[in-house]
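*Asks:* fold the following and give me the result.
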Amino acid sequence: MLSRLKTGNRVAGVKQSSKAICEGMAKCAFIAENADSALTGPILELCSKHDTEVIMVSSTWELGRACGIDVGAAVAVLLRD
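*Replies:* Here you go, the predicted model:
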C-alpha cells in the first residue's frame, strides 16, 4: 500500500493532510507510529469523524521515503482520483 504514495496523488504533512480529510478528498491516511501523538491524535480524530481509512506505518522516515521526500513525515494522505 505504501508504494501507492509514490505514484498516486498525495499530500504530506499535518496541515495539508487535515485539509484533505476535512474536504473529503482523502482516500486513506498514513500515520507514522513513532510520530508525536500531539500531531497524530487530531488526525486520527478527523479520520474517524470523516470515515477515512487509517494505515499505520512504522516510522516517519519510512513514510517520508514512501512519499518521495528526503525527510520524515508524520502523516500523509492518498487523495481520491
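*Asks:* can you give me the neighbour number for residue 4?
*Replies:* 15 (other CB atoms under 10 Å). C-beta here means a position set from N, CA and C on the backbone, and glycine is covered the same way.
*Asks:* what sits against it?
*Replies:* Residues near residue 4 by CB atoms under 8 Å, 6 or more residues apart in numbering: residue 78.
*Asks:* please state the offset of the helix or strand that contains it from the chain centre?
*Replies:* Following DSSP states H and E, one finds residue 4 within helix 3-7. How far helix 3-7 lies from its chain's middle: 12 Å, per CA atoms, centre = their mean, to the nearest Å.
*Asks:* need the next SSE after that helix, C-terminal direction.
*Replies:* Taking DSSP H and E, what comes next after helix 3-7 is strand 10-12.
*Asks:* other SSEs contacting that next one?
*Replies:* helix 14-22, strand 75-79 (3 or more CB pairs under 8 Å, 6 or more residues apart in numbering; DSSP states H and E).
*Asks:* cutoff 10 Å now
*Replies:* On a contact count with 3 or more CB pairs under 10 Å, 6 or more residues apart in numbering; DSSP states H and E, strand 10-12 meets helix 14-22, strand 26-32, helix 60-66, strand 75-79.
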